[in-house]
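Engineer: Return a 3D structure for these sequence lines:
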Amino acid sequence: MPRSDLLALSLDDLAALSTRGKVNEALRDLEKGVTGQLTETDEGAIRVEWSDNRISELPARAGLKGGRCSCHPIDPCKHLVRLVLLYQRQHQEHATAEPPAPAQPWDPGSLPDAELARHFRPAALARIRKQFDAGILAELVRGTRPVARFHVPVATVRFLVPGDLAYTRCDCARQPPCEHAVLAVWAFRELAAELRAGMVSAGSAAPAAPVDLLDAVDALLAEFLLQGIAGASALWPNRLARLAQRCQQADLIWPGELLEELIQQQEAYSNHDARFDPTEVADRLGELVLRLDAIRAGITEVPQLLIRGSSGDRPIELGKSVFWGLGCGIHVHRRSVDLIAYLYDTRSAQVLALCKQILDDSDEDRERSFGTLSRFVAIKGTPFAQVGIGILQLDGGRRSATYELQPGRSAATVLVQDRFNWEEIQPPVLVEEYAELEARLSNLPPSAFRPRRLAEDFHVLRVVEVDNVRFDAASQQILARLKDHKGQHCLLEHPYTTRGRVGAEALLAQLHSRQGKIVFVSGSIQRTQRGLIVRPVGVVIEEQGARRCLQPWIERETDGGRQETPAVLAHSASDPVRECLWQLQLALGELCLNGLARSDPHTARAWRERVQQAESVGFSRLAQQIAELTASLENKAHTLRWNHEPAVRAALRLVALLRLSRDLAG
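Structural biologist: This is a model prediction of the structure:
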């Protein structure tokens with residue numbers, strides 16, 4: 001009976017179990033005429049005597065990593081990869097039946113206990129069960145290659161072959177199958193049968209909410225809104241810092257991080273730093289309110305470990321690491337610009353962000369193109385533009401709780417990434433089937449309750465086809481449709497801006513071009529009513545066997561290139577819904593800056609206009625909350641002893657609602 005496990009392995013699977021280089025070497029050997037005498041026993045053991053005097057063996061029911069070779073490899077060698085390829089070719093040559101049906105989604109939870117017992121002794125399974133009962137948190141996707149992404153313990157497991165635990169891929173250092181594969185099987189059993197994807201939390205319940213600490217933070221937030229950043233005393237950052245430390249000690253990781261970011265904004269304002277942005281203050285305040293309310297209420301629909309933060313969300317020290325650049329993006333603030341290089345950690349299979357905030361102190365600064373800004377140094381004299389598409393070798397450093405890479409003074413080298421073998425990136429960062437990603441995102445809670453990692457929604461899409469390319473003059477955006485190998489699509493959107501003109505035009509030209517094929521697109525991905533939307537920071541093009549990467553945000557004009565003003569620079573037509581939310585964000589930012597105590601009749605009139613604007617676009621509930629705040633502010637002008645509590649409550653509800661609206665803005 002043929003070995004179905006070997007026949008199910010694709011070239012990408014073989015690369016995941018060995019390396020891409022060994023797969024390429026094995027293919028070249030077979031193309032050059034290396035032959036092998038293959039014998040197979042009734043039990044399924046395979047032996048190949050190669051014409052280059054090597055002997056490779058694969059015992060019955062053993063995975064690739066259980067094979068043996070006369071070259072005495074530590075890891076699967078190219079000869080074992082060659083064995084699998086030869087076995088697949090000979091089976092295809094002798095097969096008389098119809099071609100196999102396309103791979104279908106399957107459920108690792110269906111693996112029987114006997115399959116687990118085949119790889120683990122009873123004592124080991126008992127130890128793993130104890131770990132499961134102590135508490136796990138995982139995002140699960142049932143697909144052709146099911147994936148379990150654990151937040152607790154931190155690991156990602158991929159199942160490559162249906163029904164065979166030996167063919168699992170985990171980002172831990174242990175040989176497969178590892179204990180995380182067993183945890184994944186048990187986690188899949190907890191996922192409802194009708195769901196293709198979902199989140200599973202099992203084991204010990206979250207500890208009781210620290211009521212005293214939550215009360216202290218709530219009281220501080222009320223005072224914060226009443227006095228505003230402008231009216232805060234010099235001791236305000238110290239009070240915030242003490243509460244942030246108490247949150248960290250109570251395992252409230254994300255509330256503590258939010259308090260730290262409020263401290264940074266307060267200090268930026270006190271130092272007259274252009275990095276201060278009141279709209280960012282309102283955003284962080286809204287998320288903090290949402291998380292504190294969910295913790296206090298003991299919400300179980302969203303795992304508390306997501307809301308609070310887990311052990312894997314604390315800062316860690318890095319050893320020697322290698323990162324692949326996945327592109328460089330831009331985030332524009334009122335008076336500054338964030339440069340963000342997205343880096344794939346080849347050891348942990350996670351995406352980290354290397355960030356730098358550049359001030360736009362003058363009108364001249366604000367006219368600098370994004371391509372010019374990308375020349376700023378990212379690390380050890382190397383600019384962001386090079387790091388974004390390079391290979392960063394780092395001897396140390398630190399990874400923050402938000403997955404920001406902080407190199408410190410560690411030795412670093414940036415090499416040229418010329419092959420862009422992004423097919424070797426591990427899921428869930430690499431997405432080959434868009435339907436699986438959409439299923440996963442559809443079962444996630446709002447972003448305000450998820451991990452606060454900078455690249456939490458960052459993925460690399462494998463692209464088979466690009467169509468429906470156009471420039472939308474109304475929204476001033478480049479639009480296209482990307483397709484995977486199953487015909488599922490994802491929308492590509494990239495804004496056309498004056499400062500990013502060169503990159504936008506280069507992207508549009510490449511999308512229209514018939515020279516070179518787009519094989520990968522990296523960027524942040526959001527699930528909206530229109531489907532999946534990717535906002536690209538890296539586009540890998542393959543032409544005549546060579547690959548290059550286009551960074552649409554930061555491309556610069558080549559020497560001798562044209563510098564004329566583009567024909568289309570019209571002001572984009574505003575979306576009434578987005579415009580309403582943006583105006584509300586500005587108003588709340590101003591409120592956080594000046595404080596409720598400084599409000600006057602002019603402030604109340606401005607908020608009355610916000611009520612009318614919200615009603616005009618259909619935000620009835622939002623308009624009701626704005627009306628409550630407006631009524632309290634109007635009452636302040638006619639009352640000697642103003643009761644500020646209704647205004648504080650209404651303002652806190654508003655910042656929370658506005659933070660939730662961020663997921664709907666796309």
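Engineer: Might you list the low-confidence residue ranges for the protein?
Structural biologist: Scanning the chain for pLDDT under 70 picks out the ranges 1, 94-103, 558-574, 664-666.
Engineer: Walk me through the domains of it.
Structural biologist: When the chain is parsed with automatic domain parsing, its domains come out as 4-94, 108-202, 211-311, 316-363+388-423, 576-664.
Engineer: JSON lines for these, including distance to Val502 and mean neighbour count?
Structural biologist: (C-beta placed from N, C-alpha, C; glycine too.) Listed next are the domains of the chain as JSON lines, based on distance: least, CB to CB, whole Å; neighbours: other CB atoms under 10 Å:
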{"stretch": "domain 4-94", "distance to Val502": "33", "mean neighbour count": "17"}
{"stretch": "domain 108-202", "distance to Val502": "37", "mean neighbour count": "19"}
{"stretch": "domain 211-311", "distance to Val502": "25", "mean neighbour count": "18"}
{"stretch": "domain 316-363+388-423", "distance to Val502": "13", "mean neighbour count": "19"}
{"stretch": "domain 576-664", "distance to Val502": "26", "mean neighbour count": "18"}
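Engineer: between the ones you listed, which gets nearest to Ala439?
Structural biologist: Of all the domains of the chain, domain 108-202 sits nearest to Ala439, with 3.8 Å by CB to CB.
Engineer: so how far is the closest one from its chain's centroid?
Structural biologist: Distance of domain 108-202 from the chain centroid (CA atoms, centre = their mean, to the nearest Å) equals 22 Å.
Engineer: measure that domain end to end?
Structural biologist: Across domain 108-202, the terminal residues are separated by 17 Å (CA to CA, to the nearest Å).
Engineer: Ok, stretch 630-648 next?
Structural biologist: 11 Å.
Engineer: Then stretch 143-161?
Structural biologist: Using CA to CA, one end of stretch 143-161 lies 11 Å from the other.
Engineer: Now Asp218. Its backbone dihedrals?
Structural biologist: phi -60, psi -40 (degrees, to the nearest 10).
Engineer: residues touching it, list them.
Structural biologist: Asp218 makes contact with Leu292, according to CB atoms under 8 Å, 6 or more residues apart in numbering.
Engineer: how about the domains of the chain, which one is nearest Gly371?
Structural biologist: Closest approach to Gly371 among these (CB to CB): domain 316-363+388-423, 10.2 Å.
Engineer: picking that back up, now that we have the domains of the chain, can you turn them into JSON lines and tack on distance to Thr382?
Structural biologist: Formatted as JSON lines, these follow (distance: least, CB to CB, whole Å):
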{"stretch": "domain 4-94", "distance to Thr382": "25"}
{"stretch": "domain 108-202", "distance to Thr382": "27"}
{"stretch": "domain 211-311", "distance to Thr382": "23"}
{"stretch": "domain 316-363+388-423", "distance to Thr382": "4"}
{"stretch": "domain 576-664", "distance to Thr382": "33"}
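Engineer: Indicate which one of those is closest to Ala546.
Structural biologist: With CB to CB, the closest approach to Ala546 among the domains of the chain belongs to domain 316-363+388-423: 7.9 Å.
Engineer: returning to what we had before: with respect to Asp467, which of the domains of the chain lies nearest?
Structural biologist: Closest to Asp467 of the domains of the chain, according to CB to CB: domain 316-363+388-423, at 21.5 Å.
Engineer: so which of the domains of the chain gets nearest Trp553?
Structural biologist: When the domains of the chain are compared (using CB to CB), the closest one is domain 316-363+388-423, at 4.5 Å.
Engineer: what about the helices in the stretch 151-300 of the chain?
Structural biologist: Under the criterion DSSP state H, counting those that start in this stretch, the stretch 151-300 of the chain carries helices at the ranges 179-190, 211-231, 236-249, 253-270, 278-297.
Engineer: Now tabulate these in JSON lines and tack on distance to Ser475.
Structural biologist: Output for the helices of the stretch 151-300 of the chain, formatted as JSON lines (distance: least, CB to CB, whole Å):
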{"stretch": "helix 179-190", "distance to Ser475": "41"}
{"stretch": "helix 211-231", "distance to Ser475": "34"}
{"stretch": "helix 236-249", "distance to Ser475": "39"}
{"stretch": "helix 253-270", "distance to Ser475": "31"}
{"stretch": "helix 278-297", "distance to Ser475": "22"}
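Engineer: Just checking the distance from the helix or strand where Glu590 lies to the centre of its chain.
Structural biologist: Element membership for Glu590, per DSSP states H and E: helix 576-594. For helix 576-594, the separation from the chain centroid amounts to 27 Å (computed by CA atoms, centre = their mean).
Engineer: Please name the residues that touch Leu507.
Structural biologist: Leu507 makes contacts with 478, 494, 536, 539, 550, 552, as judged by CB under 8 Å, 6+ apart.
Engineer: do you know how far the fifth one is from Val521?
Structural biologist: By that I understand Leu550. Taking CB to CB, to the nearest Å as the measure, Leu550 falls 10 Å from Val521.
Engineer: next one: the last one
Structural biologist: Distance, Pro552 to Val521, by CB to CB: 10 Å.
Engineer: So these two - more neighbours on which side?
Structural biologist: A direct count of neighbours by other CB atoms under 10 Å for Pro552 and Val521 places Pro552 higher, at 31 against 28.
Engineer: Kindly check the end-to-end length of stretch 247-255 for me.
Structural biologist: The straight-line separation of the ends of stretch 247-255 (CA to CA) is 7 Å.
Engineer: and Ala435, which of the domains of the chain is closest to it?
Structural biologist: Using CB to CB, the domains of the chain put domain 108-202 closest to Ala435, at 7.8 Å.
Engineer: quick one on the thing from earlier: and of the domains of the chain, who's closest to Gly487?
Structural biologist: Closest approach to Gly487 among these (CB to CB): domain 108-202, 14.3 Å.
Engineer: Identify the contacts common to Leu550 and Val521.
Structural biologist: The contact sets of Leu550 and Val521 overlap at 538-540 (CB under 8 Å, 6+ apart).
Engineer: Need the contact partners of stretch 249-259.
Structural biologist: For stretch 249-259, contacts defined as CB under 8 Å, 6+ apart pick out 207, 210, 213, 217, 240-241, 243-245, 247-248, 284, 287-288, 291-292, 295, 307-310, 313-314, 401-402, 451-452.
Engineer: what about the nearest residue to Glu179 once chain neighbours are set aside, which SS state?
Structural biologist: Nearest residue to Glu179 in three dimensions, chain neighbours excluded: Ile128, at 4.9 Å (CB to CB, 6 or more residues apart in numbering). Using DSSP: H, G, I helix; E, B strand; the rest coil, the structure places Ile128 in helix.
Engineer: How far off centre is the following helix or strand past the helix holding Glu590?
Structural biologist: Counting by DSSP H and E, the next helix or strand C-terminal to helix 576-594 is helix 601-616. For helix 601-616, the separation from the chain centroid amounts to 37 Å (computed by CA atoms, centre = their mean).
Engineer: what's the angle from helix 601-616 to helix 576-594?
Structural biologist: For helix 601-616 against helix 576-594, the angle by axes from the mean of the first three to the mean of the last three CA atoms, to 10 degrees is 160 degrees.
Engineer: Which residues does helix 601-616 contact?
Structural biologist: Taking CB under 8 Å, 6+ apart as the rule, helix 601-616 contacts 576, 580, 583-584, 587, 591, 622-623, 626-627, 629-630, 633-634, 636-637.
Engineer: just stretch 225-242 next, same as before
Structural biologist: Residues outside stretch 225-242 that contact it (CB under 8 Å, 6+ apart): 220, 224, 259-260, 262-263, 265-267, 269-270, 278, 281, 285, 591-598, 644, 648, 651-652.
Engineer: again, but for stretch 285-300
Structural biologist: Residues from elsewhere that reach stretch 285-300 (CB under 8 Å, 6+ apart): 206, 209, 211, 214, 217-218, 221, 224-225, 252, 254-255, 258-259, 262, 302, 304, 307-308, 448-449, 592, 652-653, 655-660.
Engineer: again, 7 Å this time
Structural biologist: 209, 214, 217-218, 221, 254-255, 258, 302, 304, 307-308, 448-449, 592, 652, 655-656, 658-659 (CB atoms under 7 Å, 6 or more residues apart in numbering).
Engineer: Same check on stretch 364-374?
Structural biologist: Residues outside stretch 364-374 that contact it (CB under 7 Å, 6+ apart): 328, 330, 337, 339, 358, 360, 383-385, 499-500, 502-503, 553-556.
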